[in-house]
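Chemist: Here you go, sequence then predicted model.
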Amino acid sequence: MNEAVKGRDAGERKERRGFASMSPEKQREIASKGGRAAHQKGTAHEWTSEEARSAGRKGGQISRGGRGRLAGEAAADSAALAARPSDGGDLNGR
């Protein structure tokens with residue numbers, strides 16, 4: 001069986017098609033045209049500084065692999081731990 005058939009059987013495509021096959025410059029050019037058209041039409045989203053700050057904060061917290069979880073999640077986890085009966089040991093079960 002050749003490589004192209006193996007890739008299709010595994011759910012993968014070896015060849016790049018459509019937008020993905022274009023150079024980064026060509027992709028950027030097409031995306032830029034779409035952005036300009038959305039602004040002309042009035043349907044483009046324009047971020048406020050507060051929205052951008054909030055999105056950046058959330059993205060940074062998520063990208064740390066759970067170490068910097070969102071404030072609501074941390075508060076819920078703390079409440080759940082406080083409500084659990086204690087067995088007298090520490091959190092590591094010692």
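Modeler: Right, received. Where do you want to start?
Chemist: alpha carbons only for contacts and neighbour counts from here, please
Modeler: Fine.
Chemist: Can you tell me the SS state at Glu15?
Modeler: For Glu15, the secondary structure call by DSSP: H, G, I helix; E, B strand; the rest coil comes out as coil.
Chemist: Count the residues that sit near Ala37.
Modeler: As a burial measure, the neighbour count of Ala37 was computed by other CA atoms under 10 Å and equals 13.
Chemist: residue ranges with poor pLDDT in the protein?
Modeler: Segments of the chain classed as low confidence (criterion: pLDDT under 70) are 1-13, 64-94.
Chemist: What residue spans form the domains of it?
Modeler: 1-46, 50-82 (automatic domain parsing).
Chemist: Next secondary structure after whichever helix in the chain runs longest?
Modeler: Longest helix in the chain by number of residues (criterion: DSSP state H): helix 24-41. Using DSSP states H and E, the next helix or strand after helix 24-41 towards the C-terminus is helix 49-63.
Chemist: which parts of that next one are buried?
Modeler: Residues of helix 49-63 classed as buried: Gln61 (neighbour count, 16 or more other CA atoms under 10 Å).
Chemist: Quick one: list the elements packing against that helix.
Modeler: Using 3 or more CA pairs under 8 Å, 6 or more residues apart in numbering; DSSP states H and E as the contact criterion, no helix or strand is in contact with helix 49-63.
Chemist: May I have it exported as CSV, CA atoms only?
Modeler: This file holds the C-alpha atoms of helix 49-63, laid out as CSV (Å, rounded to 0.1, in the frame of the first residue of the first chain):
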residue,chain,number,x,y,z
SER,A,49,-8.7,47.8,25.6
GLU,A,50,-10.6,46.1,28.5
GLU,A,51,-11.8,43.2,26.2
ALA,A,52,-8.2,42.7,24.9
ARG,A,53,-6.8,42.8,28.5
SER,A,54,-9.4,40.2,29.6
ALA,A,55,-8.8,37.9,26.7
GLY,A,56,-5.0,38.1,27.1
ARG,A,57,-5.3,37.3,30.8
LYS,A,58,-7.5,34.3,30.2
GLY,A,59,-5.2,33.0,27.4
GLY,A,60,-2.2,33.4,29.6
GLN,A,61,-3.8,31.5,32.5
ILE,A,62,-5.0,28.7,30.2
SER,A,63,-1.6,28.3,28.5
